[in-house]
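K.L.:
Model the structure of this input:
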Amino acid sequence: MATTLTTGKGSREHGDIPDSPRQEKPDVLPDKSSRFAGSRILVVEDSRTQAEYLRYILETGGYSVVMATHGREALDLIQSDLPAMVLTDIVMPEMDGYDLCREMKANPRTSGIPVILVTQLYDPADVIKGLEAGADNFIVKPYDAGHIYSCIATMLEAASLNKFPHHPPVEFIFGHQQHRITSDPSRILNILLSTYEYALRKNTELQETQEQMSLLNEELSTTVADLKTANANLSLENAERKRVEKALADANRKLNLMTSITRHDINNQITALQLYIDFAESESVNPAVLEHLRKAKFATETIQRQIVFTKQYEDIGIQVPRWQDIRKIVDVLRPIIRAAGIQLETKNLATEVYADPLLAKVFENLVDNSIRHGRQVRKICITMAKNAEGAMTVGYLDDGEGVSAEDKDRIFLKGFGKNTGLGLFLSREILGITSITIWEKGTPGKGAYFEITVPPDGFRPVQE
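P.N.:
Numbers count the residues shown, from 1 in each chain. A predicted model of the protein is given here:
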């Protein structure tokens, strides 16, 4: 008796084909010039995606495909036009793949049609059920196109040569259950070898996966070791940085203490000097002497302003920047503005800005400038709006005389101005710590307009 063995030609280089269809041309194609090209194959599958993918593989291989969604529909199609082969899923409504195969093999008209079951093949019981139903072979999900072509060609060749004659049933016990198989030995051997080949292929893939996992584990171990080394180095760098920061903080504290004592001593001497100047002015009637005393008094006042400036500038950047609610800063200034007889309007201030803690001093300086130098300022407007670049623009506008064109840049220079000449200089320094800018962009004669620009990462909605 001739024995037909099915050996899958699909190699592991092709990889598993996923359950969802990928419309890629199979790497292995059958010989379309063979005598089985154009053979009509019935695909029975209730999943549309699975059915369409099988159709794609078979039509790419040169076969004609007919579709059915369950066993009953497949039997009706078979009765009307016999196919060369049936590929059927197992779990389906109406009639499953086992019952379809059993019905076909029990009918002399259809018993010679090869039936291939499409299955996950997770359990030996699946193979036994297929043999009991009379299945000729299995195709295992996920699909391997090369294996499908090889299996179909072998089954069609065997069917054409009638290599599956009827044999007496074989009874055996498996899993404590009695089983009865009517398939001939060649078909049984064919299925068992196909199943064995599938197991070998999966075992090879598992070994390759284990090798890859081993390599990945080695790479991971190396990476972890590198990370530990980097972490140790980083810890050393952090410790060194903390030592340096502590040394700088100690040095800064000592320097501040020294400058504080020095300022105190200088202020004491200036106070005494001013007292002596006042005494001299009260006792002298000589105009020339009085003029000299006036200049000396102006010099002492200038020194006092410089001492105040050193104290203010010393505080800039001492503390870490923090998020500050603009509404609260402006609310503190309302009584001062109201007392000066000025109306205050605000718009969209519900925003926090990340800035030096002296941010409030910036707005104090702007209000002070309006009151001191604006000349008849009656209205101040403070607004916030996001610009096209994603930054936040804080606008400060008054209706005073404004700033002349030649002074727009000079007003931010140290010492420029009619009072101390330090307010706007300090304001720009305070804002610059967190990359905030300030410019005067008003129209001379129509009021001052200071535009403060906060970078995109320097503002956020108020955190209630």
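K.L.:
C-alpha only now, for contacts and for neighbours.
P.N.:
Will do.
K.L.:
three-state assignment of residue 446?
P.N.:
Recorded secondary structure, residue 446: coil (DSSP: H, G, I helix; E, B strand; the rest coil).
K.L.:
List phi and psi for residue 137.
P.N.:
Main-chain torsions, residue 137, degrees, to the nearest 10: phi -170, psi 180.
K.L.:
which residues of the protein score low on pLDDT?
P.N.:
1-34, 121-123, 162-188, 190, 195, 198, 309, 311-317, 417-422 (pLDDT under 70).
K.L.:
can you list the domain ranges for it.
P.N.:
With domains defined by automatic domain parsing, the chain comprises 12-183, 237-315, 322-461.
K.L.:
Including distance to residue 214 and mean neighbour count, could those domains go into CSV?
P.N.:
Converted to CSV, the domains of the chain look like this (distance: least, Cα to Cα, whole Å; neighbours: other Cα atoms under 10 Å):
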stretch, distance to residue 214, mean neighbour count
domain 12-183, 20, 17
domain 237-315, 34, 14
domain 322-461, 44, 17
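K.L.:
Redo those as JSON lines? Include distance to residue 211.
P.N.:
Listed next are the domains of the chain as JSON lines, based on distance: least, Cα to Cα, whole Å:
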{"stretch": "domain 12-183", "distance to residue 211": "15"}
{"stretch": "domain 237-315", "distance to residue 211": "39"}
{"stretch": "domain 322-461", "distance to residue 211": "47"}
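K.L.:
between these, which one is nearest to residue 218?
P.N.:
domain 12-183 (24.2 Å; Cα to Cα).
K.L.:
For that closest one, what is the distance to the chain centroid?
P.N.:
45 Å (Cα atoms, centre = their mean, to the nearest Å).
K.L.:
quick one: which of the domains of the chain is nearest residue 219?
P.N.:
Closest approach to residue 219 among the domains of the chain (Cα to Cα): domain 12-183, 24.1 Å.
K.L.:
just checking, residue 323 is part of a strand?
P.N.:
Yes - with three-state DSSP as the criterion, residue 323 is part of a strand.
K.L.:
Pairing-wise in the sheet, spell out the partners of it.
P.N.:
residue 354 (DSSP bridges).
K.L.:
mind listing what it touches?
P.N.:
352-355, 459 (Cα atoms under 8 Å, 6 or more residues apart in numbering).
K.L.:
and the helix or strand harbouring residue 336, what other elements does it pack with?
P.N.:
Element membership of residue 336 [criterion: DSSP states H and E] is helix 326-339. The contact analysis (3 or more Cα pairs under 8 Å, 6 or more residues apart in numbering; DSSP states H and E) places helix 326-339 against strand 343-347, strand 351-355, helix 359-373.
K.L.:
In CSV, list the ones you listed along with distance to residue 233.
P.N.:
Compiled in CSV, those are given as follows (distance: least, Cα to Cα, whole Å):
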stretch, distance to residue 233
strand 343-347, 51
strand 351-355, 32
helix 359-373, 38
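K.L.:
do you know which of the ones you listed lies nearest residue 73?
P.N.:
Evaluated with Cα to Cα, those place strand 351-355 nearest to residue 73, the distance being 68.8 Å.
K.L.:
Could I get the CA-only coordinates of the closest one as CSV?
P.N.:
Extracted in CSV, the C-alpha atoms of strand 351-355 (Å, rounded to 0.1, in the frame of the first residue of the first chain):
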residue,chain,number,x,y,z
THR,A,351,-2.3,83.4,36.4
GLU,A,352,0.7,82.3,38.4
VAL,A,353,4.2,83.4,37.2
TYR,A,354,7.4,81.6,38.1
ALA,A,355,9.8,84.3,39.3
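K.L.:
what does that strand contact?
P.N.:
321-327, 430-431, 433-434, 454, 458-463.
K.L.:
so the closest residue to residue 442 other than its chain neighbours bridges to which residues?
P.N.:
Spatial nearest neighbour of residue 442, chain neighbours left out: residue 449 (4.3 Å); criterion: Cα to Cα, 6 or more residues apart in numbering. Bridge pairing for residue 449 (DSSP bridges) gives the partners residue 397.
K.L.:
Tell me where the stretch 151-300 of the chain has strands.
P.N.:
170-174, 177-181 (DSSP state E, counting those that start in this stretch).
K.L.:
thinking again about what came up before, contact partners for the residue nearest to residue 442?
P.N.:
Contacts of residue 449 (Cα under 8 Å, 6+ apart): 395-398, 402, 440-443.
K.L.:
how does it look with 7 Å?
P.N.:
395-398, 440-442 (Cα atoms under 7 Å, 6 or more residues apart in numbering).
K.L.:
Which one of these is nearest to residue 98?
P.N.:
Within those, the smallest distance to residue 98 is 80.2 Å, found for residue 395 (Cα to Cα).
K.L.:
Next, the angle helix 359-373 makes with the strand or helix carrying the closest one.
P.N.:
Assigned by DSSP H and E, residue 395 belongs to strand 392-398. For strand 392-398 against helix 359-373, the angle by axes from the mean of the first three to the mean of the last three Cα atoms, to 10 degrees is 20 degrees.
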